[in-house]
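Participant: Need coordinates for the following:
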Amino acid sequence: MTRLPGYHESFKRVDQILTLDQLCWGLHRLYTDSLLFFGAIQNGYRELRTRALADLEQLFRKYRYNTEAMIHRGPALPLQEIAQDHRYLIAEQACKSFDPQDGEPTGLRMVLKGAWYEHASTTAGRTTARELLKSAYVLNGYGERQQQFMFAAEELLDAEVTSEEELMARYEEIAGNFSYARGAALRNTELYLSMANDLDVYVATSMRTREHFREMARTCDKIFSHPSVKHLNLRFFDPTLSAAKGHEDKGLIECLMVKCARVLIYTAGEHDSYGKDVEAAMALSQGKPVIFLCGEDGRRRFFREVHPLSRLIDFRTGVAVGAMATSSADEAALLLGRIFENNMEYELEQPKKGYFRLKERRTGSTVRLQTNDELLRETFWNCYHRPYKE
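Facilitator: Okay, the predicted model is just below:
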């Protein structure tokens, strides 16, 4: 309220409109709240005009976060730590390589032994796991899984070995790291499930390489240790610390986390993925704040102005909800701080008569809008809340 343009302390001490400035500020407040919570200025006016002060206070209280309670609830349950260099080992590709279950194809250990046997019977001499996994033995017998094995074996790919014993010793070292990382990640998932009802932030990402896992771990550390949010004791889902017993369970877990989280951070990489796009769409369709964290300004402009998922409809209310796009992890942390401390700042933009955009001030991202197409607007609101008909 106080951060809207034109506000003056004297407005709180009167119960009537006395000046033109006061009227302008009040209309600005009405327009902003109407777009934020009701999707259109006319909708907001109809909803708010008959309410008494006590009703208005109660209505807007439910949209506010209880910041003091967040601060005083204490830290989250401690997760089991996994070295950043080993977090890639929790990926499904690594699990299928190191620990194939009953009925699943041969694992990495047997493939390496088979490739070594062929190497020793033909060329012999020094070689590397990379060369073994590129051999005809692997391409002919396991070609469709070669990239999976390359991903899982990254730590030993370029180390030269001169015997099967040396190769297996290096393999067992990595397999030991996998065993610890996976066990810790499964335990962490149990902890995440135990605090699902208290989850503040879900981090949506897609990680295809070991470096992606490192980058994601560093990004989470940077955001959630930032002074803007550290005092809030945020409960956040770090995807580099969680694993599931199978891809179907993983899907259920992630859907639950998105549903429970109050805010979603979408980490945009060089390539987008179906999974994290769906997660962002789910959050926007529930009316939740979504922050698109992009690695560069060009991608930020794309997500802010072009990407079709940057604005969707809250399925419950029909309100058009837009994501906030930034290329800075520090700025993402500042946005989280503003969200949970109820200090968001908006700019109301009217590019043409009847057309309104509500923009988050720091990023310039459109988070709400109202079209000036009267046919579209009236049809939309007349039809949106009609009972579903089979």
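Participant: Shouldn't Arg46 be within a helix?
Facilitator: Yes: assessed with DSSP: H, G, I helix; E, B strand; the rest coil, Arg46 lies in a helix.
Participant: ok, how many other residues are close to it?
Facilitator: 12 (other CB atoms under 10 Å). To be clear about C-beta, it is placed using only N, CA and C from the backbone, and glycine gets the same treatment.
Participant: How about Lys245?
Facilitator: Lys245 has 13 neighbouring residues, counting by other CB under 10 Å.
Participant: Verify the contact between it and Gly183 for me.
Facilitator: No: checked against CB atoms under 8 Å, the pair Lys245 and Gly183 is beyond contact range at 11.8 Å.
Participant: export stretch 279-286 as PDB, just CAs?
Facilitator: Output in PDB follows, covering the C-alpha atoms of stretch 279-286 (Å, rounded to 0.1, in the frame of the first residue of the first chain):
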ATOM      1  CA  GLU A 279       6.300 -27.700 -13.300                       C
ATOM      2  CA  ALA A 280       6.400 -24.000 -14.100                       C
ATOM      3  CA  ALA A 281       3.000 -24.300 -15.800                       C
ATOM      4  CA  MET A 282       1.600 -26.100 -12.800                       C
ATOM      5  CA  ALA A 283       2.700 -23.400 -10.400                       C
ATOM      6  CA  LEU A 284       1.500 -20.500 -12.600                       C
ATOM      7  CA  SER A 285      -1.800 -22.300 -13.100                       C
ATOM      8  CA  GLN A 286      -2.200 -22.400  -9.300                       C
END
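Participant: Go through that stretch and flag the buried ones.
Facilitator: Glu279, Ala280, Ala281, Met282, Ala283, Leu284, Gln286 (16 or more other CB atoms under 10 Å).
Participant: Of these, which belong to helices?
Facilitator: Among the buried residues of stretch 279-286, the residues falling in helices (DSSP state H) are Glu279, Ala280, Ala281, Met282, Ala283, Leu284.
Participant: so which strand or helix has the closest residue to the second one other than its chain neighbours?
Facilitator: Among residues not flanking Ala280 along the chain, Tyr266 sits closest, at 4.5 Å (CB to CB, 6 or more residues apart in numbering). Taking DSSP states H and E as the criterion, Tyr266 maps to strand 263-267.
Participant: what pairs with that strand, and is each one parallel or antiparallel?
Facilitator: Strand pairing for strand 263-267, determined by DSSP bridges: strand 201-204 (parallel), strand 290-293 (parallel).
Participant: Adding mean neighbour count, distance to Gly354 and mean pLDDT as columns, could you present those strands in TSV?
Facilitator: Shown next, in TSV, are the strands paired with strand 263-267 (neighbours: other CB atoms under 10 Å; distance: least, CB to CB, whole Å; pLDDT from 0 to 100):
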stretch	mean neighbour count	distance to Gly354	mean pLDDT
strand 201-204	26	35	97
strand 290-293	27	27	95
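Participant: can you map out the helices along the stretch 201-350 of the chain?
Facilitator: Assigned helices in the stretch 201-350 of the chain, in chain order: 210-224, 247-260, 274-285, 297-305, 329-340 (criterion: DSSP state H, counting those that start in this stretch).
Participant: Where among those helices is average confidence lowest?
Facilitator: Ranked by mean pLDDT, the helices of the stretch 201-350 of the chain end with helix 297-305 at the bottom, a mean of 75.
Participant: Tell me what angle that one forms with helix 274-285.
Facilitator: Interaxial angle of helix 297-305 relative to helix 274-285 (axes from the mean of the first three to the mean of the last three CA atoms, to 10 degrees): 40 degrees.
Participant: Enumerate the positions of helix 297-305 that are buried.
Facilitator: So for helix 297-305, counting by 16+ other CB under 10 Å, buried means Arg299, Arg300, Phe302, Phe303, Arg304.
Participant: Let me know the closest of the residues you listed to Leu4.
Facilitator: Taking CB to CB as the measure, Leu4 sits nearest to Arg304 out of the buried residues of helix 297-305, at 22.6 Å.
Participant: In contact with the closest one, which residues?
Facilitator: Arg304 makes contacts with Phe292, Ser310, Ala325, Thr363, Gly364, Ser365, Thr366, as judged by CB atoms under 8 Å, 6 or more residues apart in numbering.
Participant: What ranges does this protein have for its strands?
Facilitator: Along the chain, the stretches classed as strands by DSSP state E are 127-128, 160-161, 201-204, 236-237, 263-267, 290-293, 311-313, 320-322, 324-326, 346-352, 355-360, 365-370.
Participant: which one of those lies closest to Ser194?
Facilitator: Minimum separation from Ser194 across the strands of the chain (CB to CB) falls at strand 236-237, 12.7 Å.
Participant: what residues does the closest one touch?
Facilitator: Here strand 236-237 makes contact (CB under 8 Å, 6+ apart) with Tyr192, Leu199, Asp200, Val201, Tyr202, Val203, Cys220, Phe224, Met257, Ala261.
Participant: Now the last one. Nearest residue, chain neighbours left out?
Facilitator: Right, the one you point to is Ala261. Sequence neighbours aside, Tyr202 is the residue nearest to Ala261 in space, at 3.8 Å (criterion: CB to CB, 6+ apart).
Participant: Touching, that neighbour and Tyr266? I think so.
Facilitator: No: look at Tyr202 against Tyr266 with CB under 8 Å: they stay out of range, at 9.5 Å.
Participant: which neighbours do these two share?
Facilitator: Common neighbours of Tyr202 and Tyr266 are listed as Glu279 (criterion: CB under 8 Å, 6+ apart).
Participant: Break this protein down into its domains, please.
Facilitator: 89-182, 196-344 (automatic domain parsing).
Participant: before we move on, the earlier item: let me have the strands paired with strand 263-267 in a markdown table, adding distance to Thr371 as columns.
Facilitator: A markdown table is the format used below for the strands paired with strand 263-267 (distance: least, CB to CB, whole Å):
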| stretch | distance to Thr371 |
| --- | --- |
| strand 201-204 | 28 |
| strand 290-293 | 21 |
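Participant: which one of the ones you listed lies closest to Ile71?
Facilitator: Among the strands paired with strand 263-267, strand 201-204 comes nearest to Ile71, with 15.6 Å by CB to CB.
Participant: Any chance you could list what contacts the closest one?
Facilitator: Outside strand 201-204, the residues touching it (CB under 8 Å, 6+ apart) are 216, 220, 224, 234-239, 257-258, 260-267, 275-276, 279-280, 283, 336.
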